[in-house]
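Undergrad: fold the following, please.
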Amino acid sequence: GGSEWTTSTEFYLLSPEGKVHRGHGLPEVPGGNVARFDYEKARRADPGNSGTYAASGSRVTITVGDERINATLSGQDELDIRGTKFRRSAK
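TA: Predicted coordinates:
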């Protein structure tokens with residue numbers, strides 16, 4: 001028996017309208033512009049990594065597929081999800 005480790009970048013895209021998509025690597029976006037990400041197309045292709053989020057103060061509840069994730073805004077444009085800090089890369 002052996003072990004194999006694979007590393008990749010995990011991302012969460014959050015829309016101003018409350019939609020979210022989680023993925024690995026880099027998101028596929030038209031013209032490289034993340035503001036043009038198609039959340040509906042992503043939901044149809046990968047419903048287990050698509051969903052919604054709601055924010056209340058510094059608490060953010062993300063629901064993707066059947067999973068509910070409690071996250072915290074931990075600084076300027078920074079979201080803490082399960083101990084990993086994600087920074088806003090686009091505004």
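Undergrad: so what pLDDT did A90 get?
TA: Looking at A90, its pLDDT reads 69.
Undergrad: pretty sure P27 contacts V20?
TA: No. Using Cβ atoms under 8 Å, P27 makes no contact with V20, being 11.9 Å away. Where C-beta positions appear, they are placed from N, C-alpha and C, glycine not excepted.
Undergrad: overlap in contacts, the two.
TA: Common neighbours of P27 and V20, counting by Cβ atoms under 8 Å, 6 or more residues apart in numbering, are L13.
Undergrad: who has more neighbours, those two?
TA: Set P27 next to V20 and count neighbours by other Cβ atoms under 10 Å: V20 wins out with 21 against 16.
Undergrad: what about the closest residue to T9 other than its chain neighbours, how many residues nearby?
TA: Take T9 and drop its neighbours on the chain: the residue closest to it by Cβ to Cβ, 6 or more residues apart in numbering is G25, 6.0 Å away. The number of residues packed around G25, counting by other Cβ under 10 Å, is 9.
Undergrad: G25 touches S8, doesn't it?
TA: Yes. With contact defined as Cβ under 8 Å, G25 reaches S8; the gap is 5.9 Å.
Undergrad: can you tell me the SS state at the residue sitting nearest the centre point of the chain?
TA: Taking Cα atoms, centre = their mean, the centroid of the chain lies closest to Y12, which sits 1.4 Å from it. Following DSSP: H, G, I helix; E, B strand; the rest coil, Y12 is assigned to strand.
Undergrad: distance of it from V60?
TA: Distance of Y12 to V60, computed by Cβ to Cβ, to the nearest Å: 10 Å.
Undergrad: same question, N33
TA: In this view, N33 and V60 are 24 Å apart by Cβ to Cβ.
Undergrad: neighbour-wise, which of the two wins?
TA: Here N33 and V60 are compared on neighbour count by other Cβ under 10 Å; more neighbours surround V60, at 20 against 9.
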